[in-house]
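Q: I would like the atomic coordinates for the input below:
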Amino acid sequence: MPKLTVNSVEVEVEEGASVLQACEEAGFEIPRFCYHERLSIAGNCRMCLVDMERAPKPIASCAMPASDGMVIDTQSDRVKKAREGVMEFLLLNHPLDCPICDQGGECDLQDQAMGYGQDGSRYKETKRAVEEKQMGPLIKTIMTRCIHCTRCVRFATEVAGVPDLGAIGRGEQVEITTYLEKTIASELSANVIDLCPVGALTSKPYAFISRPWELSKTESVDVMDAQGSNIRIDSRGNQVLRIMPRLNEEVNEEWISDKARFAIDGLRNQRLDRPYIKSTNGKLEPCSWDTAFKVIAKQLKKVKPDNFGVIAGDQIDAETMFAMKLLMEKIGSPHMDCRQDGVNIDSTSRAGYIFNSTIAGIDDAEALLIIGTNPRIEAPVMNARIRKRYLSAGIPIGYIGEPVDLTYPADFLGNDPLLLDEINKKKHPFSQILKSAKKPLIIVGNGVLVRDDAKALLHIISEIVKNFEVIHKGWNGFNVLHNAASRVAGLDIGFLPGKTGKSAKKMLNDASAKMGMIWLLGADEIEPTKLKDTFVVYQGHHGDVGAHCADVILPGAAYTEKNGIYLNFEGRVQEVKRATFPPGEAKDDWSIIRAFSGFIGHPLSFDSHDACRQMLVTSYPHFADIGQLQKSRWKKIGKSGKVFHNPILPALKEFYMTCPISRASQTMANSRTSRENNTKPVAAE
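A: Numbering: from 1, shown residues only. Take a look at the predicted model:
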């Protein structure tokens, strides 16, 4: 490894590191605008100039590889003067917008102008003006502020895989724009807002709303998909104003999806803020908590335990499901399920339903087979990681399912389920690719798990895992990609039908004839017509599908309004933190269940969230390891049986509006319309 001297400090860096990285390693800050650790090197802002021994002029440290014996000076008079000159040039055409700029208070240009610039300007001529560009309902553009660092262009092309941004013109006439001024066709597009070091690209829904120093910042986790991207919730008073990404190399690096970032306006719309009961005329009327509990208790006495079931939704925290499971055991009902979409998966083998290789493990994969999922819309941040691996190693990728643009080249094998049998019997060309890879990766999606022949397909996939050594010492390449944030925690705690219990699918099909009462615990991805002749209790935070078919509504808390544990599809234990409080009379979900248990004479043995979590951890110790993964031993999954000929298709075809929060979001509605029509959208301001 090369050794070099930076400001008389000797430092050793990895082969291939740049001088800028060596300076940072030695503890010296280097200003930069165009350089970013996750993007290719552009070297066009020149802010990172440093002196190198025997060099005739300062060098751009981001573009110069570190080599043995280099002597670098970052604090010489020549470097200071060079940086002041670069800053002066950058500010020639930059408007004096700081008082009205949304970047104010967290702007790299402000900070570096203070640290490395001069206190005055010699430029007296008219500044350049650039027309604003249309980039869709999420990104607000003030391109007069642009300093042409090209971070946004490189992100769109390299990370998002959607080359919709580029530069036109030459010299002073260069402008960053989208082609034909269309919406950026990426589920990760708004990350350019974080990357922009000036105020040229800002959040359109957040425009002129608040200043950074007015906000309370809460570290939490996203539940819009099952990846569990680490986020920061910025709130003022009792209102969530924006969501920002948090760095976590193992999960989301520093990116989040557009839905995670912008669906938050749905938290203010169609909220349930008080209990409701359905009156004799069929209309929902507001009532007190006691009245709602009395109506539910009265109905519960009428039905036998065998005719009462609970279905948990996709965004329910582990403590709430654990509390409901305890209540169901006290009532004596075996009918409970966390799989409202009807996935058919063996919960006895934990390695059979988690993402075993881990998200970071994608970086080591040598071949990839994707079955029945579209990771671009189901887990867009993870999809970017697959793209990164393809770009770095050119790994072969096979895809079984509906033809889609994954943002990286993939060999579309078809959508016939019999393809899996051909691969297993080594009759398909992709068999040789899997065989030759030392670390093959298989990703199975809900498009396989929701099928009636899911167990038969999983059996074949299990044979592929065995025959092609997808699992061996130090490597487990079998992965399941879930869509629901609550799914892995629900499977881990056994929120599933008992020996004589019915699955969610069976409960819904039997609702009218055999189920006298169904409790929808935040479950909205259901067919409401199946529940028209059944007494329905809906516990949730939005007036969505479940509330529309309910006889009693119990208002709960959204993920920004509670503390709770979620496990992402890796099985990684993560925690959401309360940033605001639920509206009106709404309560934490676990406390609603605890209060009802006491009301019907079956009180649960905890009275606080901490006590509930302690009981959860006592029963399932791995829930105590926040941020950690628990490795699971592989067991053969599935069951030999008949495979149907209907095509394998991704279970999720929609990205923007997939849950009660995003369906209530006007910003998400505008985004979907903009992408579908590829026209100038209604601004979500």
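
Q: Not counting residues beside it along the chain, what's closest to the residue nearest the centre of the chain?
A: Closest to where the C-alpha atoms of the chain average out (Cα atoms, centre = their mean) is Ser229, at 4.4 Å. Among residues not flanking Ser229 along the chain, Asn252 sits closest, at 3.9 Å (Cβ to Cβ, 6 or more residues apart in numbering). Glycine gets a C-beta too; all of them are placed from N, C-alpha and C.

Q: try Glu24
A: Nearest to Glu24 is Ile30, by Cβ to Cβ, 6+ apart, at 6.4 Å.

Q: Repeat that for Ser349.
A: Lys635 (3.9 Å).

Q: Contact partners for the one you found?
A: By Cβ atoms under 8 Å, 6 or more residues apart in numbering, the contact list for Lys635 reads 348-349, 351-352.

Q: before we move on, the earlier item: I'd say the residue nearest to the centre of the chain and Pro245 touch.
A: Yes: counting by Cβ atoms under 8 Å, Ser229 touches Pro245, with 6.9 Å between them.

Q: what sits in contact with each of the two?
A: Common contacts of Ser229 and Pro245, defined by Cβ under 8 Å, 6+ apart, comprise 252, 255-256.

Q: Could you check the pLDDT of Asp544?
A: In this prediction, Asp544 carries a pLDDT score of 94.

Q: Confirm Gln539 sits in a helix?
A: No: assessed with DSSP: H, G, I helix; E, B strand; the rest coil, Gln539 is strand; it does not lie in a helix.

Q: ok, it - contacts?
A: 519-522, 553-554, 556, 589, 592.

Q: What residues are bridge-paired with it?
A: Leu521, Leu554 (DSSP bridges).

Q: how much space between it and Gly556?
A: 5 Å (Cβ to Cβ, to the nearest Å).

Q: For the closest residue to Val470 other than its chain neighbours, give its distance to Ile471.
A: The spatial neighbour of Val470 that comes closest, neighbours along the chain excluded (Cβ to Cβ, 6+ apart), is Gly477 at 4.2 Å. Computed as Cβ to Cβ, the Gly477 to Ile471 distance reads 6 Å.

Q: ok, now Met70?
A: Met70 is 45 Å from Ile471, by Cβ to Cβ.

Q: With neighbour numbers in mind, choose between the two.
A: Met70 (21 against 17; other Cβ atoms under 10 Å).

Q: and the more buried one, what does it touch?
A: Taking Cβ under 8 Å, 6+ apart as the test, what Met70 contacts is 2, 4-5, 19, 22, 52-53.

Q: Local confidence estimate at it?
A: pLDDT at Met70 comes out at 94.

Q: How about the one 5 residues further on?
A: pLDDT for Gln75: 93.

Q: Which residue, neighbours along the chain excluded, lies closest to it?
A: Nearest to Gln75 is Asn7, by Cβ to Cβ, 6+ apart, at 6.0 Å.

Q: which residues does the one you found contact?
A: Counting by Cβ under 8 Å, 6+ apart, Asn7 has contacts 26, 28, 72-75.

Q: got a list of what the nearest residue to Cys549 once chain neighbours are set aside touches?
A: Excluding its sequence neighbours, the residue lying closest to Cys549 (Cβ to Cβ, 6+ apart) is Pro528, at 4.0 Å. With contact taken as Cβ under 8 Å, 6+ apart, Pro528 is in contact with 545-546, 548-549.

Q: Make CSV from these and add secondary structure, distance to Gln666 and neighbour count to it.
A: Compiled in CSV, those are given as follows (DSSP: H, G, I helix; E, B strand; the rest coil; distance: Cβ to Cβ, whole Å; neighbours: other Cβ atoms under 10 Å):
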residue, secondary structure, distance to Gln666, neighbour count
Val545, helix, 19, 20
Gly546, helix, 21, 28
His548, helix, 20, 14
Cys549, coil, 24, 20
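
Q: ok, so of those residues, who is nearest Phe293?
A: Nearest to Phe293 among the contacts of Pro528: Gly546, at 18.4 Å, using Cβ to Cβ.

Q: Confirm for me that that closest one is in contact with Glu525.
A: No: the pair Gly546 / Glu525 is not scored as a contact, 9.1 Å apart, by Cβ under 8 Å.

Q: Mind listing the shared neighbours of those two?
A: By Cβ under 8 Å, 6+ apart, the residues touching both Gly546 and Glu525 are Gly313.

Q: For the stretch 351-500 of the chain, just list every one of the strands.
A: In the stretch 351-500 of the chain, the segments counted as strands under DSSP state E, counting those that start in this stretch are 367-371, 397-400, 411-414, 440-445, 471-472, 475-476, 478-481.

Q: could you dump those strands to JSON lines with distance to Leu180 and mean pLDDT?
A: Below are these laid out as JSON lines (distance: least, Cβ to Cβ, whole Å; pLDDT from 0 to 100):
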{"stretch": "strand 367-371", "distance to Leu180": "31", "mean pLDDT": "96"}
{"stretch": "strand 397-400", "distance to Leu180": "29", "mean pLDDT": "96"}
{"stretch": "strand 411-414", "distance to Leu180": "28", "mean pLDDT": "94"}
{"stretch": "strand 440-445", "distance to Leu180": "33", "mean pLDDT": "96"}
{"stretch": "strand 471-472", "distance to Leu180": "48", "mean pLDDT": "93"}
{"stretch": "strand 475-476", "distance to Leu180": "45", "mean pLDDT": "94"}
{"stretch": "strand 478-481", "distance to Leu180": "34", "mean pLDDT": "96"}
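
Q: Relative to Tyr620, which of these is closest?
A: strand 478-481 (19.3 Å).

Q: Can you list the helices and strands that the closest one packs against?
A: Here strand 478-481 touches strand 440-445, going by 3 or more Cβ pairs under 8 Å, 6 or more residues apart in numbering; DSSP states H and E.

Q: how far off strand 367-371 does the strand it packs on point, in degrees?
A: 20 degrees (axes from the mean of the first three to the mean of the last three Cα atoms, to 10 degrees).

Q: With only the CA atoms kept, save strand 440-445 in PDB.
A: Extracted as PDB, the C-alpha positions of strand 440-445 are listed here (Å, rounded to 0.1, in the frame of the first residue of the first chain):
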ATOM      1  CA  PRO A 440     -24.400 -17.500  -7.000                       C
ATOM      2  CA  LEU A 441     -27.400 -15.500  -5.800                       C
ATOM      3  CA  ILE A 442     -31.100 -16.300  -6.200                       C
ATOM      4  CA  ILE A 443     -33.800 -13.800  -5.400                       C
ATOM      5  CA  VAL A 444     -37.400 -15.100  -5.000                       C
ATOM      6  CA  GLY A 445     -40.200 -12.600  -5.000                       C
END
